[in-house]
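Participant: need coordinates for the below:
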Amino acid sequence: MILAAGFGTRLGPITHYVPKPMLPMAGAPLVRWAVCWLRHHGIREIVVNLHHLGEQIEADLGDGSALGVAIAYSREAGTILGTGGGLRQARSLLVQDDQTPIVAVNGKIMLDLDLRAVLARHTERGAEATMVLRDDPDAARWGSLGLDGEGRVVEMLGRTRPGATRVGPLRMFTGVQVFQPRFLDRLPPNGEACVVRTAYRSLFDEGGAFFGHVSDAYWWEHSTVDRYLDGVRHVLAGRARLPHAPHAVGRVAPSARVDPSAVLVAPCHVGPGAVVEARARVGPYAVVEAGATVGEGAALERAVVFPGARARGVLRRAVVVHDAAAGCDFAVFGGEP
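Facilitator: From the prediction side, this is the model:
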């Protein structure tokens, strides 16, 4: 399951027009990258939950056949259900039998994690649930978890299992998880619910088979403008290994039109049907998405021009979005220098 129903409020006005999983990342939205990552690891049946502007996600992915998978949708209306409530509502789409594990991944992240290794370790341990964790200096800020020498979660949200000893630092949950169908029984039957503070807390307090899988593979979430722009820079710079990429990253598409007087500074990405006008400068770390335009004399650095938008002037650490209803474009700037 790809969890894709959040509001994305920390992205400001961008998500008035685009849901967070549809943030473009060098030629494909984040949610499509997630589908390709799952497919690369052998998963062919995927559920996506929808809420805020969910129709855009469904329009992009369709039934999944073009991407070599089968996609079903769990549509949430009214009150947003949260990670736990979203899983609960999608249960009938997710559970095949009593034994087949379920993978859930947050739709706002990019990663190059070896999912097959996580699934194999989950099965070897006889785990009810396995969280993928990573080292992070701010782990305590985001709700830290600690493991013993066997990888069992023994510290969680300030609680410690009696008699347990943590080995290594506190870690952060990546939003990637594997669990058995029975784990869903731990979710509350109604309303909004966080899967960590409900089902995982129940499993932890019970002393059940709850493990962590520590990974140092590339991982990045895109909840703010600055984090999104940094994520684009990481991908263009090759920090992530992307064998599941749906296309070449850091390219100029054959159908793009780049004026001979324009300057492209690597690494950058210019998508299909994009236009870079005279004396414009694109890069480094800039993306001109499909059908977008960089106006005459404009300069982009560490910036993204969304599909169909037009960039003007000098833009650094900026995202340019097209407002179709108003017939205009606007830029949102990151707060970091």
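
Participant: sketch out the strands for the stretch 1-150 of the chain, chain order is fine.
Facilitator: 2-3, 45-50, 70-75, 102-106, 109-111, 129-135, 145-147 (DSSP state E, counting those that start in this stretch).

Participant: distance check, Phe333 against Pro13.
Facilitator: Phe333 sits 11 Å away from Pro13, going by Cβ to Cβ, to the nearest Å. To be clear about C-beta, it is placed using only N, CA and C from the backbone, and glycine gets the same treatment.

Participant: between these two, which has more neighbouring residues?
Facilitator: When neighbours are counted by other Cβ atoms under 10 Å, Phe333 and Pro13 differ, and Phe333 comes out ahead with 15 against 12.

Participant: bridging residues for that one?
Facilitator: Judged by DSSP bridges, the bridge partners of Phe333 are Ala318.

Participant: I figured it hits Val321, correct?
Facilitator: No: checked against Cβ atoms under 8 Å, the pair Phe333 and Val321 is beyond contact range at 11.9 Å.

Participant: for Gly146, see how far away Asp135 is.
Facilitator: 12 Å.

Participant: which neighbours do those two share?
Facilitator: Shared contacts of Asp135 and Gly146, defined by Cβ atoms under 8 Å, 6 or more residues apart in numbering, are found at Pro169, Arg171.

Participant: from Met156, how far off is Arg116?
Facilitator: 26 Å.

Participant: before we move on, what about Leu145?
Facilitator: Leu145 is 5 Å from Met156, by Cβ to Cβ.

Participant: now swap in Ala237 and tell me
Facilitator: With Cβ to Cβ as the criterion, Ala237 and Met156 are 34 Å apart.

Participant: tell me which of these two has more neighbours.
Facilitator: Met156 (24 against 12).

Participant: just the pLDDT at the more buried one, thanks.
Facilitator: Reported pLDDT at Met156 in the predicted model: 94.

Participant: wait, isn't it in contact with Leu133?
Facilitator: No: Met156 is not in contact with Leu133 according to Cβ under 8 Å; the separation is 11.1 Å.

Participant: one step back: neighbour count for Asp135 and Gly146, which is higher?
Facilitator: Neighbour count, other Cβ under 10 Å: between Asp135 and Gly146, Gly146 has more, with 22 against 13.

Participant: pretty sure that one contacts Leu157?
Facilitator: No: between Gly146 and Leu157 there is no contact under Cβ under 8 Å: 10.5 Å.

Participant: count the neighbours of the nearest residue to Trp37 once chain neighbours are set aside for me.
Facilitator: Nearest residue to Trp37, sequence neighbours excluded (Cβ to Cβ, 6 or more residues apart in numbering): His244, at 4.9 Å. Counted with other Cβ under 10 Å, the neighbours of His244 add up to 16.

Participant: which ones are touching the closest residue to Ala253 other than its chain neighbours?
Facilitator: Using Cβ to Cβ, 6+ apart and skipping the chain neighbours, the partner closest in space to Ala253 is Pro272 (4.3 Å). Counting by Cβ under 8 Å, 6+ apart, Pro272 touches Ala253, Pro254, Ser255, Ala256, Ala290, Gly291.

Participant: many thanks, we can stop here.
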